[in-house]
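Peer 1: pasting the structure only:
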């Protein structure tokens, strides 16, 4: 049995797993900011959450691609190097003597899938808990940077620290306030990035 065969069988369940991880990540992140994110999310936000997270940063995207690539070839690597004690301890491998070649491959496939699930679970939950904690801490200690300008349909504008967005809302803090505000996208004309460093430009003197 090839690893690709197992992937095809588990692909629907795998995406459901990623969606659940995305929900937990967002829930842990926004809970620490006092927001029940599910009340402000659409079904599309929930379904696209894993993909949005993976593509939010080039470094994260590269790491995820490498992670999936490594685990795709992991069964064949385990089959080749399973006699090494470090490999046995790292993946908690059981003896495969007495198993047929197909049973051995299937066993290593399951180890690879389990390892990938653990890595992804650690990524999403760690990202959510740590991200929410450090964001809330920055807000409390007033160490946030107001690097966006929000322009309303009414003609009013204000400098903000943008926490995040989804398909319906902006989550932000206005300059001079520590209260998190939630504004519908329909009420916003546009948003401007005002931090020259983030834009890669030199400030004009």
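Peer 2: Done, it's in. Here the structure is a predicted model, which is why all the values come from computation and not from measurement.
Peer 1: How much space separates residue 58 from residue 41?
Peer 2: 25 Å (C-beta to C-beta, to the nearest Å). Where you see a C-beta, it was placed from the backbone N, CA and C, and this is true even at glycine.
Peer 1: same check, this time on residue 111
Peer 2: 35 Å.
Peer 1: Please report the distance of residue 54 from residue 151.
Peer 2: Applying C-beta to C-beta, the value for residue 54 to residue 151 is 30 Å.
Peer 1: Which secondary structure state does the residue nearest to residue 153 when sequence neighbours are not counted sit in?
Peer 2: Nearest non-adjacent residue to residue 153, counting by C-beta to C-beta, 6 or more residues apart in numbering: residue 189, 5.1 Å away. Assigned with DSSP: H, G, I helix; E, B strand; the rest coil, residue 189 falls in the strand class.
Peer 1: Quick one: residues contacting residue 189.
Peer 2: 151, 152, 153 (C-beta atoms under 8 Å, 6 or more residues apart in numbering).
Peer 1: one step back: tell me which of residue 58 and residue 41 has more neighbours.
Peer 2: Between residue 58 and residue 41, counted using other C-beta atoms under 10 Å, the more crowded position is residue 41 (18 against 8).
Peer 1: Let me see the contact set for that one.
Peer 2: Shown in contact with residue 41 (C-beta under 8 Å, 6+ apart): 26, 166, 168.
Peer 1: Starting from residue 161, give me the distance back to the last one.
Peer 2: It refers to residue 168. From residue 168 to residue 161 the distance is 20 Å (C-beta to C-beta).
Peer 1: Between these two, which is the more surrounded one?
Peer 2: Taking other C-beta under 10 Å, residue 168 and residue 161 do not tie; residue 161 has more neighbours (19 against 15).
Peer 1: bridging residues for that one?
Peer 2: residue 173 (DSSP bridges).
Peer 1: rewinding a little: how far away is the residue nearest to residue 153 from residue 83?
Peer 2: Taking C-beta to C-beta, one finds residue 189 at 65 Å from residue 83.
Peer 1: Repeat that for residue 137.
Peer 2: Distance from residue 137 to residue 83, by C-beta to C-beta: 47 Å.
Peer 1: One more: residue 90?
Peer 2: Residue 90 sits 13 Å away from residue 83, going by C-beta to C-beta.
Peer 1: so where's the chain shaky on pLDDT?
Peer 2: 1-9, 196-205 (pLDDT under 70).
Peer 1: Residue 128 versus the residue nearest to the spatial centre of it, what's the distance?
Peer 2: With distances taken as C-alpha atoms, centre = their mean, residue 53 lies nearest the centre of the chain, 3.8 Å away. With distances taken as C-beta to C-beta, residue 53 is found 10 Å from residue 128.
Peer 1: list residues touching both of those two?
Peer 2: Joint contacts of residue 53 and residue 128 (C-beta under 8 Å, 6+ apart) are residue 25.
Peer 1: mind listing what residue 138 touches?
Peer 2: By C-beta under 8 Å, 6+ apart, the neighbours of residue 138 are residue 144.
Peer 1: Having no further points to raise, I will conclude here.
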